[in-house]
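**Student:** sequence and predicted structure are below.
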Amino acid sequence: MSARVVTLAFSGVHAVRVDVQVQFTRGDSKFFLVGMGDKAVSESRERVRGAFQGMGLALPSRRIIANLAPADLPKEGSHYDLPIALAIMAGMGIIPADALEGWAAVGELALDGRITPVAGALPAAVAAGGLGLGLICPEACGPEAAWAGGTRVLAAPSLIALVNHFRGTQVLSPPGPGAMLEADRVPDLRDVKGQENAKRALEIAAAGGHNLSFIGPPGSGKSMMAARLPGLLPPLTPAELLETSMVHSIAGLIAKGQLSRARPFRSPHHSASMAALTGGGLKAKPGEVSLAHNGVLFLDELPEFGAQALDSLRQPLETGEVVVARANAHVRYPARFQLVAAMNPCRCGHGGPGRGACGRAPRCQTDYQGRISGPLMDRIDLQVEVPPVTAADLALPAPAEGTAEAAARVAAARALMADRAEGVEGAALLNAQAEGDYLETIADLDPPARALLAKAAEAGGLSARGWTRTLRLARTIADLEGPGPVRRVHVAEALIYRRVAPGMSAGTSSISA
C-alpha cells in the first residue's frame, strides 16, 4: 500500500514542491523517514506517532517508509508533520486517497492531534496557487494564507477535523483574510526645533528613497529625526505589501494574519552580528536588511557596529537582495531598503576643533569615523552634519510646517517619478534605484549643471558610483520643485551632501554654485 501528499519546502521567500510518499511493506514494525531532512523533520516520526495515539489510533504493525522527494533537496522545519500524517491516513484508508488530490499541506502536530501554527503560510499559499493546488494549513494560519487571493485554503484545528471534513461528516469553512492594521502614529516633524538643513535632507531622502547619514553630537536630534521618516513615506503598494509580508511570514512575524501597509522600520542594536543583519543562522532566516525590505533600516551609533557586519551591507545596498550561502544551498532574500544611519563625530561625542571638551581632536574624530569603510560611505547619498541645538532654537515656537506638509511634497515628487517610469522598460519607480540609460534620460541636466558635475568629478571628489548617486540625488531635488530639468543649483545642493571620506569635509562643497 502507498499514498502521496504534496507539501512545500522553503527557499528564501519562495516555496518548491515536495512529494511525501508513504509506503507500507512487510517487515518489522518500524517507521523510517528519508529525504535529506534536518533534525526537526526527523523528529516528525515521534510527533506523528504521538498525534495518532492522542486520537486513539495506532500506526499499522508494518514497515512504514516516508520519503520526501526530491531526495537531494534539503528539508527544514516542522511543517512536514501534517502531510506525513495525511499520507499515512490515506494509506490506511482513514481518508479517501483521492480526497487529497489537488491539495498541498503544511502544519506541525501536537501530541493530542491538534495542528499548530507554522511560519511561512503566506508564501506556501502563493506557491500552492502557482501549482494549481489548494493549501491545507493550521487554523491559526488560515487568515494569513487567505491573503494569497485565488488559492483555496482549508484551515483545520486538528487531524480529527480534517478526517471528518474529507469523510463528509463535517464541513470546514474557508477562512477570510486577517485584518489590515492601521499604521501606528508617527511622531511629527513639528517636534524638531531648529535643524532645518537636516530636515531638508530627510525630505529629500524620503522623496527619492536615498540613503542618509546624520553626523552630530549627542542630543542634536539625529535619532529623533530618523524616527519621523516613516511619516513622510507613502504606504506600501499592493505588490510591495505582498513582497514584504512574505518575508515577515517566513520570519514568523505575522500575527493572526494581520498585515499593515506601513513601511517597515527596523532599528537593530549596534551589537547585532553579521548574520542578524544580513540573514543566516541554522535555518538561514531573513536578517534585518530583508525585514526592512521596501522600508527603512535605521542604524544608530553606526561606528559601534562590527566592521564585518557593516561591510556586509554593501552588496544588498547595490543589488537589492542578499544571498545567504550554505554548503548545500544558496538562499536569496529581497533586501531593497533605505539605509538611515546616525553617529557621533567621535567617541567622546563632540569632536572637532572648538567643539566640546575633546582634547584629542581632530585625531579622535578621524579614528572614530574611520571605523566605517569608504566603500560603505560611498553608498550613502546624503551625509549631513547636524550641529548642536542651541538654547535659542529651543526657545522658538513650534515650526509652521510638520510631517503632513513634507509628506505632501514627497508624494508629489514620487508621483512625478512614477509618471516618468510608466510604460518604460527597465524603469525604476524611485530615483535612488535609477541606473544606466534610463538615469541619463531622466536626469535631463542643463549645460551649467553638467559642467558643475564634471568639475566636481575632475576635482577628485566623486567616484564613478558617486557620480551616479549625485545624479540621482540632483534629480530628486529637482522633482521636489516640480517638473523640469536638473539645473546647476540642484547639482550644487546634491554635491554638498557628498563627503570625500569620513572625518573630512566634502571636497565638492567648496565648488561655487
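**Tutor:** Looks like it arrived, so ask away. Numbering: from 1, shown residues only.

**Student:** okay, buried residues for the helix or strand hosting residue 333 please.
**Tutor:** Using DSSP states H and E, residue 333 falls within strand 330-334. Across strand 330-334, burial judged by 16 or more other CB atoms under 10 Å covers 331, 332, 333, 334. No exception for glycine: its C-beta is placed from N, CA and C like everyone else's.

**Student:** strand partners (parallel or antiparallel) of that strand?
**Tutor:** Next to strand 330-334 in the sheet, as set by DSSP bridges, lie strand 321-325 (antiparallel).

**Student:** for residue 108, see how far away the closest residue to residue 166 other than its chain neighbours is.
**Tutor:** Among residues not flanking residue 166 along the chain, residue 99 sits closest, at 4.2 Å (CB to CB, 6 or more residues apart in numbering). According to CB to CB, to the nearest Å, residue 99 and residue 108 sit 22 Å apart.

**Student:** out of the two, which sits in the busier spot?
**Tutor:** residue 108 (20 against 16; other CB atoms under 10 Å).

**Student:** so who does that one touch?
**Tutor:** Residue 108 makes contact with 47, 78, 79, 81, 82, 115, 116, 117, 118, 138 under the criterion CB atoms under 8 Å, 6 or more residues apart in numbering.

**Student:** which of those residues sit farthest apart?
**Tutor:** 47 and 117 (14.4 Å; CB to CB).

**Student:** now do the SS call for the residue lying closest to residue 178 once chain neighbours are set aside.
**Tutor:** Closest residue to residue 178 apart from its sequence neighbours, by CB to CB, 6+ apart: residue 257 at 2.6 Å. Under DSSP: H, G, I helix; E, B strand; the rest coil, residue 257 falls in the coil class.

**Student:** neighbouring contacts of the helix or strand that the strand holding residue 333 is followed by?
**Tutor:** Where DSSP H and E defines the elements, the next helix or strand beyond strand 330-334 is strand 338-343. Taking contacts as CB under 8 Å, 6+ apart, the residues outside strand 338-343 that touch it are 205, 209-215, 222-223, 226, 229, 292, 295-303, 313, 317, 369, 372, 379-380, 432.

**Student:** swap in stretch 442-458?
**Tutor:** Surrounding stretch 442-458, the residues in contact under the criterion CB under 8 Å, 6+ apart are 420, 431, 434, 462, 467, 470-471, 474-475, 485-488, 490-492, 495, 508, 511, 513.

**Student:** ok, stretch 54-64 next?
**Tutor:** Contacts for stretch 54-64 (CB under 8 Å, 6+ apart): 22-32, 49, 52, 88, 92, 94, 110-113, 159-160.

**Student:** among the residues you listed, which are in strands?
**Tutor:** Mapping these onto strands (DSSP state E) picks out 22, 23, 24, 25, 31, 32.

**Student:** let's have those in CSV, adding pLDDT.
**Tutor:** Output for these, formatted as CSV (pLDDT from 0 to 100):
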residue, pLDDT
22, 96
23, 94
24, 93
25, 91
31, 93
32, 94
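
**Student:** among those, name the buried ones.
**Tutor:** Buried among the ones in strands among the contacts of stretch 54-64 (16+ other CB under 10 Å): 22, 23, 24, 31.

**Student:** is it true that the second one touches residue 4?
**Tutor:** No. At 9.7 Å, residue 23 does not count as touching residue 4 under the criterion of CB atoms under 8 Å.

**Student:** separation between residue 459 and residue 498?
**Tutor:** 11 Å.

**Student:** now this protein, which segments are flagged as low pLDDT?
**Tutor:** In the prediction, the chain carries residues with pLDDT under 70 at positions 327, 351-359, 461, 499-513.

**Student:** hmm, 80 instead?
**Tutor:** For the chain, the stretches with pLDDT under 80 are 1, 183, 281-283, 326-329, 349-362, 393, 426, 460-462, 498-513.

**Student:** of the contacts of stretch 442-458, just the buried ones, PyMOL syntax please.
**Tutor:** The buried subset of the contacts of stretch 442-458, as determined by 16+ other CB under 10 Å, is captured in PyMOL by this line:
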select buried, resi 420+431+434+462+470+471+474+475+486+487+488+490+491+492+495+508+511
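
**Student:** show me where the stretch 201-350 of the chain has strands.
**Tutor:** For the stretch 201-350 of the chain, applying DSSP state E, counting those that start in this stretch gives strands covering 212-215, 259-260, 265-266, 296-300, 321-325, 330-334, 338-343.

**Student:** residue 150 looks like it's in a strand, true?
**Tutor:** No. Residue 150: not assigned to a strand; according to three-state DSSP it is coil.

**Student:** so it touches residue 130, yeah?
**Tutor:** No. Counting by CB under 8 Å, residue 150 stays clear of residue 130, with 10.1 Å between them.

**Student:** these two: which has the busier surroundings?
**Tutor:** Counted by other CB under 10 Å, residue 150 and residue 130 do not tie: residue 130 has more neighbours, with 13 against 7.

**Student:** torsion angles phi and psi at residue 165?
**Tutor:** Main-chain dihedrals, residue 165, degrees, to the nearest 10: phi -60, psi -50.

**Student:** tell me how far it lies from residue 420.
**Tutor:** 52 Å.

**Student:** kindly report the same for residue 28.
**Tutor:** For residue 28, the distance to residue 420 equals 70 Å [CB to CB].

**Student:** okay, now residue 94: neighbour count?
**Tutor:** Every residue meeting other CB under 10 Å relative to residue 94 is counted, giving 17.

**Student:** repeat for residue 8
**Tutor:** With other CB under 10 Å as criterion, residue 8 counts 26.

**Student:** would you confirm that it contacts residue 126?
**Tutor:** No. Using CB under 8 Å, residue 8 makes no contact with residue 126, being 10.0 Å away.

**Student:** give me the common contacts of those two.
**Tutor:** In contact with both residue 8 and residue 126: residue 15, using CB under 8 Å, 6+ apart.

**Student:** about what we covered before: tell me the SS of the residue nearest to residue 166?
**Tutor:** helix.

**Student:** state the distance from residue 145 to residue 134.
**Tutor:** 10 Å.

**Student:** settle it for me: which of these two has more neighbours?
**Tutor:** Counted by other CB under 10 Å, residue 145 and residue 134 do not tie: residue 145 has more neighbours, with 33 against 19.

**Student:** hmm, who's touching the helix or strand containing that one?
**Tutor:** In this assignment (DSSP H and E), residue 145 forms part of helix 142-145. Applying CB under 8 Å, 6+ apart, the set of residues contacting helix 142-145 from outside is 121-122, 124-125, 135, 137, 151, 153, 155, 175-178, 249, 254, 256-258.

**Student:** likewise for stretch 243-257?
**Tutor:** Here stretch 243-257 has contacts from 10, 12-13, 119-123, 126, 140-147, 175, 177-179, 236, 259, 264, 285-286, 290-291, 293-295, 333-334, using CB under 8 Å, 6+ apart.

**Student:** give me that answer again for 6 Å
**Tutor:** 13, 119-120, 122-123, 143-144, 178, 259, 286, 290, 293-294 (CB atoms under 6 Å, 6 or more residues apart in numbering).

**Student:** and it, which residues are buried?
**Tutor:** Here stretch 243-257 shows 243, 244, 245, 246, 247, 248, 249, 250, 251, 254, 257 as buried, counting by 16+ other CB under 10 Å.

**Student:** please identify which of those residues is nearest to residue 38.
**Tutor:** Each of the buried residues of stretch 243-257 was checked against residue 38 using CB to CB; the closest is residue 250, at 15.9 Å.
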